[in-house]
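Undergrad: Provided below are the primary sequence and the corresponding predicted coordinates.
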Amino acid sequence: MSKANPEKAVRAMLPVPIQCKCGCAVRPVTLGVFAVLERIKSPLLGETPVDGPLSLIPSLYALTHAPADSLAPNLYERSLEWADTLPPSALAEIRDAAERQCAAILDVVPQPAASKKKATTDGSPSSPNGRRTSTGGRGTRSSGACPRAQSPSSGGSASRRTESTAASR
């Protein structure tokens, strides 16, 4: 497949329901289904951890029914009534199909860009004046180090004079 039509994006754009052996059809994740899953903080979206089958049943119900059915005030009770019509073996099959449907859309949804953290120096706040800029002087220095102090009488470096005095001792 060419780079212009990545396989994941094509699958997400042309979703089909996944038919389970138990008779349920797991719907593709549409905007409506995604909104319902987000509203109920579905563990299938990674928002909350899976805490046993009971935490998955409302999400699986939302993926096997119309979004309007999932917005009813009694979603939890309705989803339990629906789950009561299925054998326990259906849980793994429906969950697998639901995870595949969620992965198909989550693989192509762009993630928000990580915010750039302002760099600080040892916890010091950055300068309120912004970045250092050239002042139009004699040119730019090759490093951020301070220039060496010049002796007014000899024109030599004060640091060199200190070093030579220390060496003669």
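TA: It's in.
Undergrad: Could you report the neighbour count for the closest residue to Tyr61 other than its chain neighbours?
TA: Excluding its sequence neighbours, the residue lying closest to Tyr61 (CB to CB, 6 or more residues apart in numbering) is Ser79, at 3.6 Å. In short, each C-beta sits where N, CA and C put it, glycine included. Neighbours of Ser79 under the rule other CB atoms under 10 Å: 24.
Undergrad: Tell me the helices and strands packed up against the helix or strand where Ser79 lies.
TA: Element membership for Ser79 (DSSP states H and E) is helix 75-83. Helix 75-83 sits against helix 53-64, with contacts defined as 3 or more CB pairs under 8 Å, 6 or more residues apart in numbering; DSSP states H and E.
Undergrad: Buried residues, the helix it packs on. List them.
TA: Leu56, Ile57, Pro58, Ser59, Leu60, Tyr61, Ala62, Leu63, Thr64 (16 or more other CB atoms under 10 Å).
Undergrad: Same check on stretch 32-39?
TA: Buried residues in stretch 32-39 (16+ other CB under 10 Å): Val33, Phe34, Val36, Leu37.
Undergrad: which residues touch the third one?
TA: Pointing back at Val36 there. Ala62, Pro67, Ser70, Leu71 (CB atoms under 8 Å, 6 or more residues apart in numbering).
Undergrad: what residue ranges in the chain score low on pLDDT?
TA: 1-14, 107-169 (pLDDT under 70).
Undergrad: The longest helix along it to helix 53-64, inter-axis angle?
TA: In the chain, taking DSSP state H as the definition, the longest helix is helix 90-106. Interaxial angle of helix 90-106 relative to helix 53-64 (axes from the mean of the first three to the mean of the last three CA atoms, to 10 degrees): 60 degrees.
Undergrad: I'd like to know which elements helix 90-106 is packed against.
TA: Against helix 90-106 (3+ CB pairs under 8 Å, 6+ apart) you get helix 7-13, strand 18-19, strand 25-26, helix 53-64.
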